[in-house]
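A.B. asks: here's my sequence, what's the structure:
(one chain, ligands or ions: 2)
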Amino acid sequence: MRTQVAIIGAGPAGLLLSHLLHLNGIESVVLESRTRADIEATIRAGVLEQGTMDILNEAGVGERMRREGAVHHGIELAFGGQRHRIDLTGLTGKAITVYPQHEVIIDLVAARQAAGGQLLFGVRKVAVAGIDTDRPVVSFEHHDVEQKVEADFVIGCDGFHGISRPLIPAAERQVHERIYPFGWFGVLVEAPPSSDELIYAQHQRGFVLISTRSPTVQRLYFQCDPHDRVENWSDDRIWAEFHTRMENGDGWKVKEGRIFQKNIIGMRSFVSTPMQSGRLFLAGDSAHIVPPTGAKGMNLAIADVKLLSRALETFYKKNDTVLLQSYTSDALKRVWRAEFFSWWMTRLLHTFDGASSFDQMIQRAELDNIVSSRALSTALAENYVGAF
Ligand code: APR
Ligand code: PHB
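C.D. replies: Ligands and ions are numbered 1, 2, ... in the order given. Predicted coordinates for the structure are as follows:
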């Protein structure tokens, strides 16, 4: 096989890149190790920045998102028994849309297939050779047949555990990382929304996020020990934790329902630089991870591929490599701002074992400052909606 761009991984990054390239007349092949059913059903993030929506709309894959996504104009911060609204739209002129990542995946797979795109699921043993030449080759097994695809470029969109990042020579690579001493216990619940807007809550027993997936399915998280096990948490124990952390006696209650999925997510901040070497480029989680507190993961992946598609288009249309050469530094500007915001939101809202009473009072003072200052609320809102 021969193609212009070989893409490893059919997450939001790989699928959208393939589609943006197609819209510019550039051919690609996407290699995905999981099945279509699996990638279309895996529950991940849920918040789209306005800029992400714009990109999906421009790419012609936004129709269902516009129809089924829920536009939110604010979020709430809860602490000290009170809730405080951050008016995202009033402060920034922008909004966010709650539309689950796996729905984005479903829309992108449909668009790629309708356009006759080459999208191979269930590939195994993906390996790459010759990224330091102008004819890199990706080899893999598909339906037990060994195959090779020769390309001009290889793009690693294969997430944090993929094979692409380690292809960048160790001598060139630098990793910046923080692993947090807590995780999120996430549940999917059949219930109506407890709140019209997302609630980020700080409580002595730990952080809570009240999010949503649809009018009938809610996504709730509470801070937990990252080494805990879901088997340790009965439904009753989970609801007791939400009620204790969220309710202050004013009559508002978290709405219960049937819990149909439980999982524990670890939290890390991670950036690997450079995001390119020779003819290999990384996008999305393969190059960087943020803790979910700022809701930035999918938005960053999509911002990366927007830059990459422009850089590849400039290469193919003008034979100009300037945007390819500056890809890492262009992408990292947004990446580091999102890393900062996600780390800051995480620090602001979580309970840290061993925090002194001074640390706790400072955390409360920072929250008080944010909700009482238009300037600080605006800074939070700008970062949250991605207004830059
Ligand atoms: N060969 C082929 N495919 C692979 C390989 C491999 N060796 N390793 C991983 N993959 C696939 C995974 O199965 C997955 O479908 O690459 C895809 C990577 O997708 P994501 O992990 O969703 O990464 P990305 O597209 O960068 O999107 C980032 O995902 O984790 C969330 O919060 C994160 O929302 C953010 C988004
Ligand atoms: C989610 O709905 O899964 C979600 C929303 C906001 C976040 C993180 C996760 O900050």
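A.B. asks: so residue 43 touches residue 265, yeah?
C.D. replies: No - Residue 43 lies out of contact with residue 265 (Cβ atoms under 8 Å); the separation is 10.5 Å. The way it works is simple: take the backbone N, C-alpha and C, and place the C-beta from them, glycine included.
A.B. asks: what's the overlap in contacts for these two?
C.D. replies: Common neighbours of residue 43 and residue 265, using Cβ atoms under 8 Å, 6 or more residues apart in numbering, are residue 186.
A.B. asks: name the element residue 182 belongs to?
C.D. replies: In this assignment (DSSP states H and E), residue 182 forms part of strand 174-190.
A.B. asks: direction included, what does that strand pair against?
C.D. replies: Strands flanking strand 174-190 in the sheet, each with its direction: strand 217-224 (antiparallel), strand 258-273 (antiparallel) (DSSP bridges).
A.B. asks: got the residues of the stretch 201-350 of the chain near ligand 1?
C.D. replies: With Cβ under 6 Å from any ligand atom as the criterion, the stretch 201-350 of the chain meets ligand 1 at residues 284, 285, 297, 298, 301.
A.B. asks: contacts only, for the first one.
C.D. replies: If you count contacts by Cβ under 8 Å, 6+ apart, residue 284 has them with 9, 11, 12, 13, 14, 157, 159, 300, 301, 304, 305.
A.B. asks: then the last one?
C.D. replies: Residue 301 makes contact with 11, 12, 13, 157, 283, 284, 285 under the criterion Cβ under 8 Å, 6+ apart.
A.B. asks: just give the closest residue to the fifth one, not the sequence neighbours.
C.D. replies: When the adjacent residues along the chain are set aside, residue 283 lies closest to residue 304, with 3.9 Å between them (Cβ to Cβ, 6 or more residues apart in numbering).
A.B. asks: gap between the helix or strand hosting that neighbour and the chain center?
C.D. replies: Per DSSP H and E, residue 304 falls inside helix 297-318. Computed by Cα atoms, centre = their mean, to the nearest Å, the chain-centroid distance of helix 297-318 equals 17 Å.
A.B. asks: flag every buried residue along it.
C.D. replies: Neighbour-count burial for helix 297-318 flags 297-316 (criterion: 16 or more other Cβ atoms under 10 Å).
A.B. asks: what mean pLDDT does stretch 110-128 get?
C.D. replies: For stretch 110-128, mean pLDDT is 98.
A.B. asks: same thing with stretch 310-325?
C.D. replies: 98.
A.B. asks: contacts for it, please.
C.D. replies: 4-5, 21, 24-26, 153, 276, 281, 307, 326-327, 330.
A.B. asks: hmm, the strand holding residue 182 touching ligand 1?
C.D. replies: No - using Cβ under 6 Å from any ligand atom, strand 174-190 stays clear of ligand 1, coming no nearer than 11.9 Å.
A.B. asks: close to ligand 2, is that strand?
C.D. replies: No - in terms of Cβ under 6 Å from any ligand atom, no part of strand 174-190 sits within range of ligand 2; the closest distance is 7.2 Å.
A.B. asks: flag every residue of the stretch 51-200 of the chain that's near ligand 1.
C.D. replies: Those residues of the stretch 51-200 of the chain that sit near ligand 1, judged by Cβ under 6 Å from any ligand atom, are 101, 123, 126, 157, 158, 159, 162, 163.
A.B. asks: among these, which are in helices?
C.D. replies: Among those, the members found in helices (DSSP state H) are residue 101.
A.B. asks: quick revisit: filter the contacts of residue 284 by proximity to ligand 2?
C.D. replies: Among the contacts of residue 284, no residue is within reach of ligand 2 (Cβ under 6 Å from any ligand atom).
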